[in-house]
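Enquirer: Coordinates for the following, if possible.
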Amino acid sequence: MLFWVVEVLLLGWAHGLWAQLPTGAGLGTDPLRSNVGAYYYMARPGDLTVIVSIWGEVRNPGQYEVPVGTELIQLLSYAGGPLVSADLRRIRIIRREANGKHYESVLTVDVSRLVDSPDRIPTIQPGDVIVVGRRSSVVFAQEIMPVFRDVIFLALYLLISLNTLGVF
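Expert: Numbering: from 1, shown residues only. From the prediction side, this is the model:
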């Protein structure tokens, strides 16, 4: 009977490890969560272009070569749009110095407010890195809740096992 208790506990522990495996790079089945980098050319022949990167909660993250004068919302559209989990109130634009070697500033943009005032939409500059983060409620649901689930799962197995052994 003790062997059964140990087996149940190990299965619960292994289930928790399996649930925490990273997705992407061929491990996951969700193409929206792939970690494989991509390069996109979004200009017409003859257009003057800049190269920028977009990371995070967009459908197609990667490096984009876009026409000079491209605005942030256009770049988000080129990237397939934000995912449902995206925090559109805090999109970060990381800008390089003029010499291109060091990062100088981080701009935080609230896209939901830009819709009402399109004259304030930032224009993308060469070397910009746009980071679209996850909403805090999504972080809680995807990263913290699985830990609670595994702890409760393990506690229930332990209680059932001790009950089966006649401790309770």
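Enquirer: So what pairs up with residue 109 in the strands?
Expert: residue 91 (DSSP bridges).
Enquirer: Could you check how far it is from residue 64?
Expert: As defined by Cβ to Cβ, to the nearest Å, residue 109 lies at a distance of 17 Å from residue 64. All C-beta spots, glycine's among them, are computed from the backbone N, C-alpha and C.
Enquirer: The protein: helices as residue ranges?
Expert: For the chain, the helices defined by DSSP state H occupy 2-19, 72-78, 111-114, 136-139, 145-164.
Enquirer: Report all helices and strands that the last one contacts.
Expert: Under the contact definition 3 or more Cβ pairs under 8 Å, 6 or more residues apart in numbering; DSSP states H and E, helix 145-164 sits against helix 2-19.
Enquirer: Ok, the third one next?
Expert: Where contact means 3+ Cβ pairs under 8 Å, 6+ apart, helix 111-114 is packed against helix 72-78, strand 86-96.
Enquirer: Distance to residue 105 for the ones you listed - can I get that in TSV?
Expert: Listed next are these as TSV, based on distance: least, Cβ to Cβ, whole Å:
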stretch	distance to residue 105
helix 72-78	15
strand 86-96	5
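Enquirer: now these in CSV, with mean neighbour count, mean pLDDT and distance to residue 114?
Expert: Output for the helices and strands packed on helix 111-114, formatted as CSV (neighbours: other Cβ atoms under 10 Å; pLDDT from 0 to 100; distance: least, Cβ to Cβ, whole Å):
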stretch, mean neighbour count, mean pLDDT, distance to residue 114
helix 72-78, 18, 94, 7
strand 86-96, 18, 90, 9
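Enquirer: shaky segments in this structure?
Expert: 1-37, 98-103, 138-141 (pLDDT under 70).
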